[in-house]
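Engineer: When you get a sec, could you give me coordinates for this:
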Amino acid sequence: MFNVTEDSIKQWMKPKIYTESLSFYENDNISSIQINESHNEFYNANFVELKGEVEDLNGNVHEALLLFNDKTGINIIKCDCKKSKIDDICSHVGGILIKYVREKGYISDKSKDYFTEKFLDRIKCDLIRRGKSGIPVNMEIRIHYFTEEFNRSYAEIKAGEEKLYVVRDISKFLNSVLLNKNIELGKEFTYNRDKYYIKSEDKETINCLYEIYKNNIIGLVQDNEKMISGKKVYLIGTDIRRIMEAMKDRMFKFSIDGEEDISVSITNKFPPIYIKLEQKNEFLQLILMGDTPISLTYDSKYIYYKENIYRLNEYQMGVFKLLIGEFLRNSNIIKFSAEKSQEVLSYILPILSQLEIRKNVDDKINEKLYNKMLKPEIYIDKFHRGMLINVRYNYDNTNANNEKSIILKDIMLEVEIIRILKEFKFEKLETGYVNINLENIVHFMAYGIVEIQKKGCQVFYSEDFKSYKVYSESSYRGNIRLNDRSELEINFQIEGVDAEKLQNIFNAIDEKKKYYELKEGKFVDLDNKAIKSVRDMFHYLDISPLKAAQTGVVLSKYNSFYVDKYVDEEKLVFFNKNKRLKKAVNSLKNVDDIEIKLPIEFKDVMREYQKKGFRWFKILDHFGFGGILADEMGLGKTLQTIAFICSEKEYRKPSIIVVPTSIVYNWQEEIKKFAPKLKVLIISGSKHERKKLIKNCMDYNVIITSYPLIRIDIEEYSNIEFKYCFLDEAQYIKNKASISARAVKRIKAKNRFALTGTPIENSLSELWSIFDFIMPGYLLSHSKFVKNYEKPIIKDKNSRAAIELNRHIRPFILRRIKKNVVKELPDKIEHEILVDMTKKQKEVYHSYLKNGRNKVYENIKDKGINNSKFIILGLLTRLRQICSNPASFIKNYSGENSKMDVLMDILTDGIANGHRILVFSQFVSVLKIVKDRLNEENISYMYLDGSTKMKERVELADRFNMGDGKVFLISLKAGGTGLNLVGADIVVHFDPWWNPAVEEQASDRAHRIGQKHNVEIIKLIARDTIEENIYNLQKKKKMIANAVVDEVNYTDENILLNLKETEIKKILG
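Structural biologist: Below you'll find the model as predicted:
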């Protein structure tokens, strides 16, 4: 329940204390230990309270208490030895903590029954507390403040349902709330968390009081300064401010110096004090009228004034301390001499007005006042190798120089200008504001001058300084255009900077420099986000800055969407885009708004999201881009593709579709069904027959071949150029070095598209391989892709790299999932059944495990982990076969089989209730055993494995959907893709396949468009075996962020072949 280890205990104690604590435990000096484990909804944390008695070496018994939780760690430490503190545990507390950790298996087991018994009660209590039937505790907080004796101020609480009762023991009350205990507050009210809950507006106050209670109980204050006594919580030091912060949004009772309580709330403004200004003889007098405001906190954050409490901001706090402090020192009257009166009034009156302080100004002063606009000016000059600035505050008033006039200063603007200068590291000297740091000067010229000008300040330069110039974003010029040859052209210059210098400028950015000096007085600001973003884009696209500045560069059209999106997201507004680029980008961004004529035979067949997929194909093709249609299984990728091909059928060249062997004829049937006018050629037969078919392929609209055959026949296609090349289940080319991947990338076609619901199964390199097919070079070379993306994302968990990769691939991947686009699709209900093997199965399993484990470990020791992968895979495969049925590979094995019994229960019960069932297994030998059992039980079934001919597979699926057979036994690899089996509404995975994408593909043979019933997915897993271990491991391995694509999965072999030695040992036990 709580993640506390002995290692963490050692960090909480000094080495000497830990040794003493361990001695107490090992010598059995700890007795009467009590453990209370609980969940506290108020704090949303799990708590452990430990109490125990510890006998020391002198025979003295000490009572120790420790309270900690899984959110904030240690809450309370208490021991009568008085040596424990929150950061310094004594050996007695340490002893009971070690006992808890070392024996917590026993304690946790013991407490499990308690938590099980209380589980429903806790749910009920939670519902009561959160629902309308829960009763809120009404609470009244009272603060009694004393101005003279700082340690006499205190808080108290009243609580109840209708009638409020004084909480006479606040320590007990807070402890009860913390540990979910009941406490009686009055004859008619007992706080019971099962019945009552504390209102949200009171929680912050209770938390504050609890912190004071905690400090008190762990001894952070001296005994003679007890902060809690009976019904009072004494407030000293920062406690007043803390409790005021807690109650800033609520009403509460407040009294000052023993006067009668009043109801107050806290207002965020300056107290409305009243000040009189008068000219008396030779003096200017400021008189504070009425009551004097009282600062409740040391920093004047909270002010009491005329039965109200005011909360000040930093600026108001400063004014209050200076102004009111001066009044208090001078009996509420501040006097200024005549020669100072003009300056004082110039500044004081604007401050009073700005704070909305009420004031009374006598007529003698009023007639001298002028309120004019400030027009500030700064004068910039050289100062040795630095910069000198002089500030002038000009007020627009012809009478401003009249010695009798008083100009009301715009003090806020004056202060703001000085603040900006200080922010840019200028220092005040007699000659003005000076800065001699060149980096600061460049930074000020790039940003500070603009900031000052925004304040309405005019800037003037001396003749010596006019030669200084900083080139920043206003000097950048760039163009991006898609030319008539569909090539992307980019140019970029810094106006006034030689093209030859641009490479040096980018190099300086790499060296983390803040500026680049061109020649004396001329600088390029490198702290500018825009220039860094341009540099990053050029670096990624391998653009020469010199060439970009001189003649411009020409890139592949594939980069158009990336560059457009990058420029927009990085706000590089100085790049101009031409109309052709804007049109291409907007077309793909607004696929829903583009009207493209759909072939008439598809108008009533396709759903809206499928029509969008059709338009997506057309738009990408129009601008010469490839793409990945990555819709979830069952959403009709085949239909969308056929519609697209049909819309281009007048083109004189055919399209080629490469598919897994198992679904070659499925594609033929789908085309025949939806586009019968398309002439389809299936490449099959002997090598001689295929060669002849390929030679005559130009007479057809669509050529369909398989991955195995394209590997063999690729040379026969060398002189043929197709209109389009489509790869179905494109994850077949995920391995860039595979023969299939190399073969399909040699196919010549005007454009290329990939269809796959799982563009990534194990690594990001698989995504690169598919993009290398549809748009070669777009995701860089493989080595650069690994360096820029795969390593940072997978190894370093670099979210920026994931976002950057997503920015590249997003325009070319269209992915929809069923729950978002097919609202009427029935639910898919998934669950696992853990099956206990029979005694005989377990004996066989453990025998193979023991012998095989020893061989594996010896092999790893002798040859290393990398040279032992296949012996490991062999052992794991055997163990998994045993989990399913030992008879699948052990001759003459006889005996009951638990999974078979569970399966037969599922089948008989399902069939009796009108269901039809798919059973998937990765082992053909297991399927044949199931088939024999079905024959014995006279259950009608169909069967499909890798030996079933391709034409027959489609016929079997059609027959099953028409009602033939109650059960369909299917080899996972042979029938997990391509087939439509909506005639079933239960899917059983007899043995788990560790790649969830493959499992989901198989399950979605039934859960797809056309299904009318909810589909139940059942996974049978042998308990306490490697099936359960690897299944859990696979879930942990699923780690690539959704920022790249929607889902990531791992194939069985890749998971197993990439296991670390520690993981292998964990799996094998």
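Engineer: can we go C-alpha only for contacts and neighbour counts from here?
Structural biologist: Fine.
Engineer: now the stretch 1-150 of the chain, which segments are flagged as low pLDDT?
Structural biologist: Residue ranges of the stretch 1-150 of the chain with pLDDT under 70: 1-4, 39-45, 70-73, 75, 82-88, 104-134, 150.
Engineer: And the strands in the stretch 351-500 of the chain, which stretches?
Structural biologist: Counting by DSSP state E, counting those that start in this stretch, the stretch 351-500 of the chain has strands at residues 358-361, 369-370, 374-383, 386-395, 406-407, 427-429, 432-435, 458-461, 469-471, 476-482, 488-494.
Engineer: Run through the neighbouring helices and strands of the third one.
Structural biologist: With contacts defined as 3 or more Cα pairs under 8 Å, 6 or more residues apart in numbering; DSSP states H and E, the secondary structure elements packing on strand 374-383 are strand 386-395, strand 458-461.
Engineer: what's the most buried one of those?
Structural biologist: When you average the neighbours per residue for each of these (mean count of other Cα atoms under 10 Å), strand 386-395 leads with a mean of 18.
Engineer: could I have that strand exported to CSV, CA atoms only?
Structural biologist: Once non-C-alpha atoms are left out, strand 386-395 reads as follows in CSV (Å, rounded to 0.1, in the frame of the first residue of the first chain):
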residue,chain,number,x,y,z
GLY,A,386,30.0,51.4,-23.3
MET,A,387,26.7,53.4,-23.4
LEU,A,388,25.5,56.4,-21.5
ILE,A,389,21.8,57.3,-21.2
ASN,A,390,20.3,60.5,-19.8
VAL,A,391,16.6,60.7,-19.1
ARG,A,392,14.5,63.9,-19.2
TYR,A,393,11.0,64.1,-18.0
ASN,A,394,9.2,66.9,-19.9
TYR,A,395,5.7,67.9,-18.9
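Engineer: Report the distance from the helix or strand hosting Tyr540 to the chain centre.
Structural biologist: Using DSSP states H and E, Tyr540 maps to helix 529-541. Computed by Cα atoms, centre = their mean, to the nearest Å, the chain-centroid distance of helix 529-541 equals 26 Å.
Engineer: Show me what counts as buried in it.
Structural biologist: Ala530, Ile531, Ser533, Val534, Arg535, Met537, Phe538 (16 or more other Cα atoms under 10 Å).
Engineer: Next SSE downstream of that helix?
Structural biologist: helix 545-550.
Engineer: That next one - contacts with which helices or strands?
Structural biologist: strand 488-494, helix 501-510.
Engineer: So what touches it?
Structural biologist: Residues from elsewhere that reach helix 545-550, judged by Cα atoms under 8 Å, 6 or more residues apart in numbering: Ile490, Asn491, Phe492, Gln493, Ala499, Glu500, Lys501, Leu502, Gln503, Phe538, Val553.
Engineer: Then stretch 149-159?
Structural biologist: Contacts for stretch 149-159 (Cα under 8 Å, 6+ apart): 137-146, 164-167, 170, 185, 231-236.
Engineer: so Lys823 sits in a strand?
Structural biologist: No: according to DSSP: H, G, I helix; E, B strand; the rest coil, Lys823 belongs to no strand; its state is coil.
Engineer: Distance check, it against Asn1014.
Structural biologist: Distance from Lys823 to Asn1014, counting by Cα to Cα, to the nearest Å: 13 Å.
Engineer: what do you get for Ile890?
Structural biologist: Distance of Ile890 to Asn1014, given as Cα to Cα: 38 Å.
Engineer: next one: Glu245
Structural biologist: 54 Å.
Engineer: these two touch, right, Ile135 and Arg193?
Structural biologist: No: at 9.7 Å, Ile135 does not count as touching Arg193 under the criterion of Cα atoms under 8 Å.
Engineer: Between these two, which has more neighbouring residues?
Structural biologist: Arg193 (25 against 18; other Cα atoms under 10 Å).
Engineer: contacting residues for that one?
Structural biologist: Arg193 neighbours (Cα under 8 Å, 6+ apart): Cys125, Val177, Asn180, Lys181, Asn182.
Engineer: Going by distance to Lys203, which of those residues wins?
Structural biologist: Using Cα to Cα, Val177 is the member of these that sits closest to Lys203, with 10.6 Å.
Engineer: Pull up the gap between that closest one and Leu546, please.
Structural biologist: Applying Cα to Cα, the value for Val177 to Leu546 is 71 Å.
Engineer: which residues of the stretch 151-300 of the chain fall in helices?
Structural biologist: 170-178, 200-217, 239-246 (DSSP state H, counting those that start in this stretch).
Engineer: is it possible to export these to JSON lines including mean pLDDT?
Structural biologist: Output for the helices of the stretch 151-300 of the chain, formatted as JSON lines (pLDDT from 0 to 100):
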{"stretch": "helix 170-178", "mean pLDDT": "81"}
{"stretch": "helix 200-217", "mean pLDDT": "78"}
{"stretch": "helix 239-246", "mean pLDDT": "89"}
